[in-house]
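Student: this one's structure only:
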């Protein structure tokens, strides 16, 4: 079990080179692609060790398994555009049946084994951008990794939001409860009320990214095509949710994100936050510096995305 001093140290913004794995429902919408690209284009901080495909179910998939497989394939396309070779693994084909039974997959097995190579002094940073089934399964397979990882989770809404029916967290509340209750250092990036301020627009994408390189053109087309399904001919902006989880790893001098320490809350099955004042501390993001983050994201995408 971590000491208070170890936990507080692990919850500080990292410095120097760190090892990172990313668990992502990459095909779910359009923001995971931006987030993974930012991590891979930030070698001054992030050594991305593996990508894990997370399950999801919405209008872009026919089942959680189909969503996971489509995410796995999307990871391959993105890595090809980036010209990078990173191991990527298929994840769970379903959500956890309860809080005691892991869903076995290549992703959960790899994370359970990989994280054992780390320590509180040199943790593995686990950036979770979808339903957190793979991460929870790894914790059930190897509970000791809770002291060896820092989990950065884009999930749930702000503590002040009237309900917590957020896509990532609510898909698998059992998995979220395992992650929030395991004792691992946790960084919370709440969606509505916090990360929802991190938006971009069509004119910005056209001005800053279109025509710059193949990666930028892919990201712009992906975003615009998705927006056309619900807002063609209308004024629109799009939240790039998952970028903020990666940005926390790059958050020197609180350039992008402001946060505070709070007792780790409890995700309840009725889609509300439960209060637990005696729980271990976690780090809770409460403000995103939209312009600073978007500007640096666009710069890295244009500089590191290859030829047009």
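Tutor: Good, I have the coordinates. Remember, predicted model here, so these are calculated numbers, not experimental data.

Student: spatially central residue for this protein, please.
Tutor: residue 129 (2.7 Å; C-alpha atoms, centre = their mean).

Student: quick one, what contacts that residue?
Tutor: By C-beta atoms under 8 Å, 6 or more residues apart in numbering, the residues touching residue 129 are 22, 23, 24, 25, 32, 35, 54, 154, 168, 242, 245. Backbone N, C-alpha and C define where each C-beta goes, glycine included.

Student: redo that, cut-off 10 Å
Tutor: 22-26, 28, 31-32, 35-36, 52, 54, 71, 152-155, 168, 189, 241-246 (C-beta atoms under 10 Å, 6 or more residues apart in numbering).

Student: mind giving me the ChimeraX command for buried ones among those residues?
Tutor: The buried residues among those can be selected in ChimeraX (16 or more other C-beta atoms under 10 Å) with this line:
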select :22,23,24,25,26,28,31,32,35,36,52,54,71,152,153,154,155,168,189,241,242,243,244,245,246
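
Student: where do the helices sit along the protein?
Tutor: 4-10, 31-40, 64-82, 106-114, 133-141, 167-171, 173-181, 202-208, 214-231, 243-249, 290-304 (DSSP state H).

Student: export the ones you listed to CSV and append columns for distance to residue 281 and mean pLDDT.
Tutor: Converted to CSV, the helices of the chain look like this (distance: least, C-beta to C-beta, whole Å; pLDDT from 0 to 100):
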stretch, distance to residue 281, mean pLDDT
helix 4-10, 6, 97
helix 31-40, 25, 98
helix 64-82, 32, 97
helix 106-114, 23, 98
helix 133-141, 19, 98
helix 167-171, 20, 97
helix 173-181, 12, 98
helix 202-208, 37, 97
helix 214-231, 36, 96
helix 243-249, 16, 98
helix 290-304, 25, 97
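
Student: and of the ones you listed, who's closest to residue 46?
Tutor: For residue 46, the closest of those is helix 31-40, at 4.8 Å, according to C-beta to C-beta.

Student: what's the angle from the closest one to helix 64-82?
Tutor: 40 degrees (axes from the mean of the first three to the mean of the last three C-alpha atoms, to 10 degrees).

Student: what helices or strands is helix 31-40 leaning on?
Tutor: strand 18-24, strand 46-53, helix 64-82, strand 124-128, strand 149-154, helix 214-231, helix 243-249, helix 290-304 (3 or more C-beta pairs under 10 Å, 6 or more residues apart in numbering; DSSP states H and E).

Student: residue 282: which of those is closest?
Tutor: If you check each of these against residue 282 by C-beta to C-beta, strand 149-154 wins as the nearest, at 9.1 Å.

Student: run the angle between the closest one and helix 133-141 for me.
Tutor: Using the same axes, to 10 degrees, strand 149-154 lies at 150 degrees relative to helix 133-141.

Student: partner strands of strand 149-154, with direction?
Tutor: strand 124-128 (parallel), strand 186-189 (parallel) (DSSP bridges).
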